[in-house]
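1. with the sequence up front, the predicted model follows.
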Amino acid sequence: MRSSDIDTTGIEEAPENVGFSEGDRVNILVYKFTDLGATVIINDRYFGLVYENDIYKDIKVGDKLKGYIKKIREDNKIDVSLRKIGYGRIEDAKGKILKKLKNRDGFLPLNDDSSPEKIKKELQISKGSFKKAIGGLYKEKIIDITSKGIKLKK
């Protein structure tokens, strides 16, 4: 699909009033890519932007995804995230890590020393979210962190 295949009639770029707030879950359609990231259409009504450093999985024009309102700027433009905002993001990361651990016999060869690229490829989350999530799982006594990776406690 190409951007020119998407009807943008009536889509507002900087709406005066929107029916949602920061953190709200919305439906997004990937419209095009720019130097800043991906321009998306929010709930079939507004344009928004997902910054490149917030894109943690492969997306393409025409993809329909869930997004989260990150910020409504002073100029009324809308920033969107593909991941939950705030603590919800860490809870999501913990869930992804636990699911991967269970599918991999309780061990993942990732830890604090792993590269951001390796973490992104394996889990589709940032290194910062990964570190906060494994810290939480460790404090909850669910995992052990070793020099080789993380493992579920028996």
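-> Good, I have the coordinates.
2. for the lowest-mean-pLDDT helix or strand in the chain, buried residues please.
-> Least confident helix or strand, the chain: helix 87-103 with a mean of 87, by mean pLDDT, DSSP states H and E. Going by neighbour count (16 or more other Cβ atoms under 10 Å), the buried part of helix 87-103 is 89-90, 93-94, 96-97, 101. Quick note: C-beta positions are derived from backbone N, CA and C, even for glycine.
3. and which of those residues is nearest to Lys118?
-> Taking Cβ to Cβ as the measure, Ile97 is the one of the buried residues of helix 87-103 closest to Lys118, at 13.7 Å.
4. ok, the closest one touching Lys132?
-> No: between Ile97 and Lys132 there is no contact under Cβ atoms under 8 Å: 10.8 Å.
5. hmm, back to that, now the buried residues of helix 87-103 in JSON lines, with distance to Lys121?
-> Listed next are the buried residues of helix 87-103 as JSON lines, based on distance: Cβ to Cβ, whole Å:
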{"residue": "Arg89", "distance to Lys121": "18"}
{"residue": "Ile90", "distance to Lys121": "20"}
{"residue": "Ala93", "distance to Lys121": "15"}
{"residue": "Lys94", "distance to Lys121": "19"}
{"residue": "Lys96", "distance to Lys121": "13"}
{"residue": "Ile97", "distance to Lys121": "14"}
{"residue": "Leu101", "distance to Lys121": "17"}
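6. and of the residues you listed, the nearest to Asp112?
-> The closest of the buried residues of helix 87-103 to Asp112 turns out to be Ile97 (Cβ to Cβ; 13.3 Å).
7. how about the helices of the chain, start to end?
-> 87-103, 116-123, 127-139 (DSSP state H).
8. which strands and helices sit next to the first one?
-> With contacts defined as 3 or more Cβ pairs under 8 Å, 6 or more residues apart in numbering; DSSP states H and E, helix 87-103 has these neighbours: strand 107-108, helix 116-123, helix 127-139, strand 150-152.
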